[in-house]
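Q: Please work out how this folds:
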Amino acid sequence: QEQLVESGGGLAQPGGSLRLSCATSLLSSGDYHIGWFRQAPGKEREGISCIRPSDDSTYYSDSVKGRFTVSKDSTKNTVYLQMNSLKPEDSAIYYCAAGPSYYCSAYQWYYGEEYWGKGTLVTVSS
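A: Next up is the predicted model:
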């Protein structure tokens with residue numbers, strides 16, 4: 001049984017927007033934070049954002065800060081990643097994952113992801 005399922009990837013133009021979704025029953029447990037990662041061809045996986053559902057603390061990497069916004073809808077057990085002002089270098093496979101709740105804060109993210117989705121492809125190109 002898949003614990004996390006991403007959707008919403010696709011093709012966007014530079015400067016455009018996409019919203020990714022991560023459906024996960026782990027959101028309701030209170031024990032996990034949900035993180036977003038991405039991996040471009042030939043590059044290492046990069047953690048870009050996390051949210052701690054217990055208090056809505058969020059963290060962003062410098063590469064996406066000010067352009068991406070993470071949020072959740074607890075009624076739908078879904079975490080979103082709103083991506084604005086997209087750049088070609090944002091092209092990657094995007095994954096959501098779950099780790100210990102306290103590993104994510106507004107100041108630091110220690111990762112520790114235990115469960116992973118299969119990813120959704122984002123391509124930014126004109």
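Q: And for Glu44, the neighbour number?
A: Using other C-beta atoms under 10 Å, Glu44 has 6 neighbouring residues. C-beta here means a position set from N, CA and C on the backbone, and glycine is covered the same way.
Q: For Ala92, see how far away it is.
A: Going from Glu44 to Ala92 by C-beta to C-beta, to the nearest Å gives 11 Å.
Q: Could you give me the buried positions within stretch 53-71?
A: The neighbour-count criterion (16 or more other C-beta atoms under 10 Å) identifies 53, 57-61, 64, 68-70 as the buried residues of stretch 53-71.
Q: who touches Glu46 in this structure?
A: 37-39, 61, 63, 92 (C-beta atoms under 8 Å, 6 or more residues apart in numbering).
Q: got the CA positions of stretch 69-77 in PDB?
A: Extracted in PDB, the C-alpha atoms of stretch 69-77 (Å, rounded to 0.1, in the frame of the first residue of the first chain):
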ATOM      1  CA  THR A  69       4.800  27.500  -0.800                       C
ATOM      2  CA  VAL A  70       4.000  24.400   1.100                       C
ATOM      3  CA  SER A  71       0.600  23.900   2.700                       C
ATOM      4  CA  LYS A  72      -1.700  21.200   3.900                       C
ATOM      5  CA  ASP A  73      -5.400  20.300   3.800                       C
ATOM      6  CA  SER A  74      -6.000  18.000   6.700                       C
ATOM      7  CA  THR A  75      -9.600  17.200   5.600                       C
ATOM      8  CA  LYS A  76      -8.200  15.800   2.400                       C
ATOM      9  CA  ASN A  77      -5.000  14.300   3.900                       C
END
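Q: can you give me the mean pLDDT across it?
A: Averaging pLDDT along stretch 69-77 gives 96.
Q: and for it, what are the contacting residues?
A: 23-25, 27-28, 34, 36, 49-51, 53, 56, 58, 60, 78-82, 84.
Q: How far off centre is it?
A: Taking C-alpha atoms, centre = their mean, to the nearest Å, the mean C-alpha location of stretch 69-77 is offset from the chain mean by 11 Å.
Q: Show me the shaky parts of this protein.
A: Applying pLDDT under 70 to the chain flags residues 1.
Q: With that, I have no additional questions.
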